[in-house]
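K.L.:
Attaching a predicted model along with its sequence, questions to come.
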Amino acid sequence: MKYQMITETGQLASYCQQASGKSYIAVDTEFVRTRTLYPQLGLIQLYDGEQLALVDPLAVDDLSALVQLLTDERVIKVLHSCSEDLETFWTAMKVVPTPLFDTQFAAGLLNMGPSLGYAKLVEQRLGISLDKGESRTDWLARPLSEQQLDYAANDVFHLYALYPQLANEIEALGRTQWVFDEMQQLAEKKRRELPDDYVYLTIKNNWQIKGKALLVLKELAKWRIQKARSKNLALNFVFKEQYLLELAKRQPMQRNALFAISGMPPQDVRRHGDELLAIMNACMDVPPEHFPPKIERLVDFSAYKKVSQALRQLCEEVSQGLNIPVELLGSKKQINQLLKWLWFSLDEGKLADLKPDLICGWRQPLLQEGIQRILGKD
């Protein structure tokens, strides 16, 4: 595999200028995310059909030329299963590639399965078996081995070859804009974050508590996300979620009581005990009118079962007519997303200023009439 290793700003600028004249480029990233809140970018792979480049983001001082290329509307960026790549680009460079063509989503629109893996797609379409032996390697270590670099280069080399096939078939079905719409919606999700005051809505089993206990959970969850950001630590490496809920239920006021909670690691108490106690003590003086509202659950709505089943049937009927997997059009998660957005007083989507998937982008004209009929509203 022939590739150019880019370790200097001038090399990157020269490559990006050349690639900006192409109609499309293949893009991939390698990153590490074991204990961190955010993915740590280790390598960027680019192939414009003429030159394959491996960009070392740890060595290149200025990535602005790449940012310009990734946002150049004249050049389609081709990725596969790009959700984590988008998060990595956004974290590292505050950029999301656009316009973006995802080959996994395109394969789904061609009824090849809702989440076809890259290796399987390459095997089916190009008849090539890929070695995935380096997929769990440490991409932050230097120097990278020849095997690592070959593995990384292969990803964009074959991705570039896949694009014309898939793009032509998608275009023949009149679904090209669907791909771009889906990726634009995904990019918006990567740009948005739930406000810190509402992170407690994501805590598992939060519905089990209310009143002052829910206020404690809200403040503890806010503390944890802020601590995680400041240290770039995965949330459960800051403090395990289950113990946030346990603290909210028990509301211990003394350090010894923290040590008495079954299973809570003593080192967590020693490290964070004073902060946790201070947060819980502060909640004791808050009047009830400032407690968070009771957590809503879809199963508590009498119409939920009937409406969700009707929406599922609608999605199945439309997807059959389109010959695509129903999971691609409207999964259970996406149906629930819509109903929460419509029914909940506190909805994560609204708080992040995001509309549900089923009523925006390419799905909206396909499902709008049926959704209005089922919900009985405009």
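P.N.:
Yep, that arrived. Numbers count the residues shown, from 1 in each chain.
K.L.:
Where do the domain boundaries of this protein fall?
P.N.:
Domain assignment for the chain by automatic domain parsing gives 4-191, 196-290, 298-375.
K.L.:
most tightly surrounded among these?
P.N.:
domain 4-191 (a mean of 18; mean count of other Cβ atoms under 10 Å). In this view, the C-beta of every residue, glycine as well, is placed from N, C-alpha and C.
K.L.:
First-to-last residue distance for it?
P.N.:
31 Å (Cα to Cα, to the nearest Å).
K.L.:
What of stretch 252-263?
P.N.:
15 Å.
K.L.:
ok, and what's touching that stretch?
P.N.:
With Cβ atoms under 8 Å, 6 or more residues apart in numbering as the contact definition, stretch 252-263 has outside contacts at 242-243, 246-247, 250, 264, 266, 269, 273-274, 276-277, 280-281, 284.
K.L.:
Show me which of those residues is closest to E123.
P.N.:
The nearest member of the contacts of stretch 252-263 to E123, counting by Cβ to Cβ, is Q242 at 40.9 Å.
K.L.:
now the closest one, what's its secondary structure?
P.N.:
Here Q242 is recorded as helix under DSSP: H, G, I helix; E, B strand; the rest coil.
K.L.:
pLDDT score for it?
P.N.:
Q242 carries a pLDDT value of 95.
K.L.:
what does L66 give?
P.N.:
pLDDT, L66: 98.
K.L.:
check contacts around the most centrally placed residue in the chain.
P.N.:
What sits nearest the mean C-alpha location of the chain, by Cα atoms, centre = their mean, is S83, with 5.0 Å. Applying Cβ under 8 Å, 6+ apart to S83 gives the contacts 186, 190.
K.L.:
Return the per-residue confidence for the closest residue to A167 other than its chain neighbours.
P.N.:
In space, and not counting its chain neighbours, A167 is closest to F101: 6.7 Å by Cβ to Cβ, 6 or more residues apart in numbering. You'll see F101 listed with a pLDDT of 98.
K.L.:
Show me what F101 bridges to in the sheet.
P.N.:
V78 (DSSP bridges).
K.L.:
What's the separation between it and A107?
P.N.:
11 Å (Cβ to Cβ, to the nearest Å).
K.L.:
cool, F180 as well?
P.N.:
Relative to A107, F180 is positioned 16 Å away (Cβ to Cβ).
K.L.:
what's the helix or strand for the residue with the largest distance to the centre of the chain?
P.N.:
No residue in the chain sits farther from the centre than N256, which is 39.4 Å out by Cα atoms, centre = their mean. Per DSSP states H and E: N256 is located in helix 255-259.
K.L.:
Centre of the chain to that helix, how far?
P.N.:
37 Å (Cα atoms, centre = their mean, to the nearest Å).
K.L.:
Centre of the chain to the helix or strand just after that helix, how far?
P.N.:
Once the chain leaves helix 255-259, the next helix or strand it forms, by DSSP H and E, is helix 266-284. On the basis of Cα atoms, centre = their mean, helix 266-284 is displaced by 31 Å from the centre of the chain it belongs to.
K.L.:
Can you show me the strands along this structure?
P.N.:
Assigned by DSSP state E, the chain shows strands spanning 4-6, 24-32, 40-47, 52-55, 76-79, 100-102.
K.L.:
Turn those into a markdown table, columns for distance to V326.
P.N.:
Output for those, formatted as a markdown table (distance: least, Cβ to Cβ, whole Å):
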| stretch | distance to V326 |
| --- | --- |
| strand 4-6 | 43 |
| strand 24-32 | 29 |
| strand 40-47 | 33 |
| strand 52-55 | 38 |
| strand 76-79 | 24 |
| strand 100-102 | 19 |
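K.L.:
among the ones you listed, which is nearest L214?
P.N.:
strand 40-47 (34.4 Å).
K.L.:
Pull the most distant pair out of the contacts of stretch 252-263.
P.N.:
Farthest pair in the contacts of stretch 252-263 (Cβ to Cβ) is P266 and M284. Separation: 24.9 Å.
K.L.:
Let me know the pLDDT of T137.
P.N.:
At T137, pLDDT is 84.
K.L.:
Quick check: it touching Q148?
P.N.:
Yes - the criterion here is Cβ atoms under 8 Å, and T137 meets it with Q148 at 5.6 Å.
K.L.:
How are the helices of the stretch 1-150 of the chain distributed by residue range?
P.N.:
Shown for the stretch 1-150 of the chain, the helices assigned by DSSP state H, counting those that start in this stretch span residues 9-19, 64-70, 83-93, 103-109, 118-126, 146-172.
K.L.:
Next, the angle from the last one to helix 118-126.
P.N.:
I take that to be helix 146-172. Taking axes from the mean of the first three to the mean of the last three Cα atoms, to 10 degrees, one finds that helix 146-172 is oriented at 60 degrees with respect to helix 118-126.
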